[in-house]
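> please work out how this folds:
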Amino acid sequence: MKQFSEACEENKQPILAVLEKEFSDCRTVLEIGSGTGQHALFFARQLPHITWQPSDLPASHASIDAWRATTQLPNLLAPLTLDVRADHWPEADYDAVFSANTTHIIDWPAVQDMFRGIGEVLQTGGVFCLYGPFNYNRRYTSESNARFDQWLKQRDPASGLRDFEDLERLAGELGLTLAHDYEMPVNNRLLVWRAETG
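Model (predicted):
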């Protein structure tokens, strides 16, 4: 049941280097789209001050649980069922939200729903970190990203790389302010927004 993602294995260390800074004062993190569960396990192990809450559709839970079973970390919780399009999200408040490689595999209305839900669960002063490939000024940042976007659209015409400006607009509507835009390996970025403190 344990699934493996080569991309997760390759990007976990660079992402951790950012999360160590951005999540230094955080205690509860909701991960959206935990996928295989590799990130959840790795980040929970490396950030023991954080209670890490993985979430995904039910089809991914077996793999997440299989990764959890390898170490029994006390700060890595059982996965929640979360469809970003759902009207109701988890009741708990989180001081951080993390998501990797999600916005380009769901359609735009689902991206809008995801941001709306994050606005509901993120505490005042909380931080939202979003990792993935993005376009800037409606342009690809690399040839490999252009090819990847073409592949995504052949697979699902409603998917594809999102424009940073559109994501920034959604964040702004929720009262989130861009704090950092980190350049990451393999033409990816890690965007960090912070919720207004009052």
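
> for the rest of this, base every contact and every neighbour count on C-alpha atoms.
Noted.

> how close does residue 99 get to residue 116?
14 Å (C-alpha to C-alpha, to the nearest Å).

> check residue 172 too.
When residue 172 is compared with residue 116 (using C-alpha to C-alpha), they lie 11 Å apart.

> which one of these two is surrounded by more residues?
More crowded of residue 172 and residue 116, by other C-alpha atoms under 10 Å: residue 116, with 19 against 14.

> show the contacting residues for that one.
residue 174 (C-alpha atoms under 8 Å, 6 or more residues apart in numbering).

> and what of the one 10 residues further on?
For residue 126, the contact set (C-alpha under 8 Å, 6+ apart) comprises 26, 94-96, 194-196.

> did I read that right, it in a strand?
Yes: if the criterion is DSSP: H, G, I helix; E, B strand; the rest coil, then residue 126 is within a strand.

> can you give me the pLDDT of the nearest residue to it once chain neighbours are set aside?
Closest residue to residue 126 apart from its sequence neighbours, by C-alpha to C-alpha, 6 or more residues apart in numbering: residue 95 at 4.4 Å. What the model reports as pLDDT for residue 95 is 95.

> run a quick neighbour tally on residue 95.
21.

> can you spell out which helices and strands pack onto the top helix by length along the chain?
For the chain, the helix that runs over the most residues, judged by DSSP state H, is helix 6-22. Applying 3 or more C-alpha pairs under 8 Å, 6 or more residues apart in numbering; DSSP states H and E, one finds that helix 6-22 contacts helix 38-46.

> quick one: contacts of the helix it packs on?
4-5, 8-9, 12, 16, 31, 34, 50-54, 64, 67-68, 73, 75-76.

> narrow those residues to just the buried residues.
Listed as buried from the contacts of helix 38-46 are 8, 16, 31, 34, 50-54, 64, 67-68, 75-76; burial here means 16 or more other C-alpha atoms under 10 Å.
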